[in-house]
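Student: Have a look; sequence and predicted model below, questions after that.
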Amino acid sequence: MSEKRNMVKHYEITRWVDFVRGMAPGDESDMMRSHLDGGCEECSQLAGFCRRLARTCQAIVTDEVPEPVVRRALAIFPARKPERRWRALRIPVELVFDSFLMPVPAGLRSTWQVGWQGLYRAGECSLDLRIEPDPQSMRATIVGQVSNLTAPGQELSISAVCLKSGQEVVAETVGNRFGEFQLEYEQRGDLQLCVYLDAGARCLQVPVKRLAEGKEPDRDPAGDSKNLGND
């Protein structure tokens, strides 16, 4: 009779997930094992699937995810408002290089640039940016690097890199140990790039302008941000 009752009762997938990972209570685990021994084909297939899934998940944990994959995964998350737990000190920045202000080579009346490159100085740090618009869409990519001017070999602690529209975060990523980062985003005219340093204690912030397709913008695409104070 007990075997017949076991043949009739089927267990849900959540119970089999616990069973194959050894997390089911002792009495229930014995009953489920007896149920499998009784020859239930449906539950046997389900338990087998859960075992294979558990082995796959355990193997994935040991694999290192490539940094470009992490950046793309962060870029597709829906926009959200940041949970700011600190009041970051905004470091004054100065634009010291603008690729659109480079002199035209001799013999040429004008040049056409697809992207823009700029270099900012902020205290002991420098922020090197390049904006590359996609000619087939309104999307663009920001590639940047923060360096320590006083100690070039010293690694900088980048807590987060956010692209904001007001208080809304439209894209975010993290920097690597070399201070490098990359963001993909939809171009618009009210974006601010915020690079948080030292666990969010300090922030580099510059406006990001939309690049005109096929011509240079009237102003530098990262704006004039020489007089920035504290938040």
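Tutor: That came through fine. Please read all numbers here as calculations on a predicted model, not as lab measurements.

Student: Show me which residues of stretch 141-149 are buried.
Tutor: Neighbour counts using 16 or more other C-beta atoms under 10 Å place 142, 144, 145, 146, 147 of stretch 141-149 among the buried residues. Where you see a C-beta, it was placed from the backbone N, CA and C, and this is true even at glycine.

Student: With stretch 153-161 instead?
Tutor: 156, 157, 158, 159, 160, 161.

Student: show me the contacts for the closest residue to the first one other than its chain neighbours.
Tutor: If I follow you right, that is residue 156. Spatial nearest neighbour of residue 156, excluding adjacent residues (C-beta to C-beta, 6 or more residues apart in numbering): residue 179 at 4.8 Å. Contacts for residue 179 (C-beta atoms under 8 Å, 6 or more residues apart in numbering) come out as 145, 146, 147, 155, 156, 158.

Student: so how far does stretch 179-193 reach from one end to the other?
Tutor: With C-alpha to C-alpha, to the nearest Å as the measure, stretch 179-193 spans 15 Å from end to end.

Student: tell me which residues of it are tucked away?
Tutor: Across stretch 179-193, burial judged by 16+ other C-beta under 10 Å covers 179, 181, 182, 183, 184, 185, 187, 191, 192, 193.

Student: Work out the gap between stretch 171-190 and the centre of the chain.
Tutor: Distance of stretch 171-190 from the chain centroid (C-alpha atoms, centre = their mean, to the nearest Å) equals 8 Å.
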